[in-house]
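Novice: Okay, predicted coordinates and the sequence, questions at the end:
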Amino acid sequence: MGKGVTKNQHYPISQKIKLVVCISIIAMSSAWPVRASSVTNVFVIEIHSNLNYPGYAFVRIDSLPNDPPTCSSNPFYSFVLDANSDSGKLLYNLLLTAFAASSPLDITGYGSCAMVAGIESMKTVSLKK
């Protein structure tokens, strides 16, 4: 044994693995969103962008999301997305297509307002016929 190390400080490898797994689970569970909203068969009634939030698209739909996260407090826009990213460009194109064709959508959020305070970040868009 090394200097300053007692016999009680050595753990079998299986106990070390269990400890690491437990710590990882606790750390990941505290980072998971508590609630993420979703809406089905909704219509986009407004897509807004402005220079204060370059590349972001704010989405207003015809009904309120169910079970929105507690951070979601904006009375006008239910979702926001970063249209600069590749995935955001795809979501933005689906939103524009649905808006132009007056087609219904299904939308889910991330359960967080990480992009813009008070507005849930958009995760998925499903265009319907």
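Specialist: Structure's in. What do you need? Values in this document were obtained by computation on a predicted structure and should not be read as measured data. Numbers count the residues shown, from 1 in each chain.

Novice: pLDDT below threshold where in this protein?
Specialist: Within the chain, the ranges that satisfy pLDDT under 70 run 1-34.

Novice: Look through it and tell me its longest strand.
Specialist: Ranked by number of residues, the top strand in the chain under DSSP state E is strand 120-127.

Novice: In that strand, which residues are buried?
Specialist: Using 16 or more other C-beta atoms under 10 Å as the test for burial, strand 120-127 gives 120-123, 125. For the C-beta atoms, the positions are set from N, CA and C on the backbone; glycine is no exception.

Novice: buried sites along the helix or strand where I45 lies?
Specialist: Counting by DSSP states H and E, the secondary-structure element that holds I45 is strand 44-48. Using 16+ other C-beta under 10 Å as the burial criterion, the residues of strand 44-48 that qualify are 44, 47.

Novice: if we can go back for a sec, parallel or antiparallel, which strands does the longest strand of the chain pair with?
Specialist: In the sheet containing strand 120-127, its partner strands are strand 79-82 (parallel), strand 105-109 (antiparallel), by DSSP bridges.

Novice: Touching stretch 73-80 from outside, list them.
Specialist: 37, 39, 46, 48, 53, 56-61, 64-65, 68, 72, 107, 109, 115-116, 118-122 (C-beta atoms under 8 Å, 6 or more residues apart in numbering).

Novice: Name the nearest residue to K89, ignoring sequence neighbours.
Specialist: With C-beta to C-beta, 6 or more residues apart in numbering as the criterion, K89 has its nearest non-adjacent residue at 5.9 Å, and that residue is A83.

Novice: re the thing from before, tell me which of the strands paired with strand 120-127 lies nearest to L90.
Specialist: For these, distance to L90 was read as C-beta to C-beta. The smallest value, 9.9 Å, belongs to strand 79-82.

Novice: and the helix or strand following that closest one, how far out from the chain's middle?
Specialist: The element immediately downstream of strand 79-82 (helix or strand, assigned by DSSP H and E) is helix 86-101. Averaging C-alpha positions (C-alpha atoms, centre = their mean, to the nearest Å) puts helix 86-101 17 Å from its chain's average.
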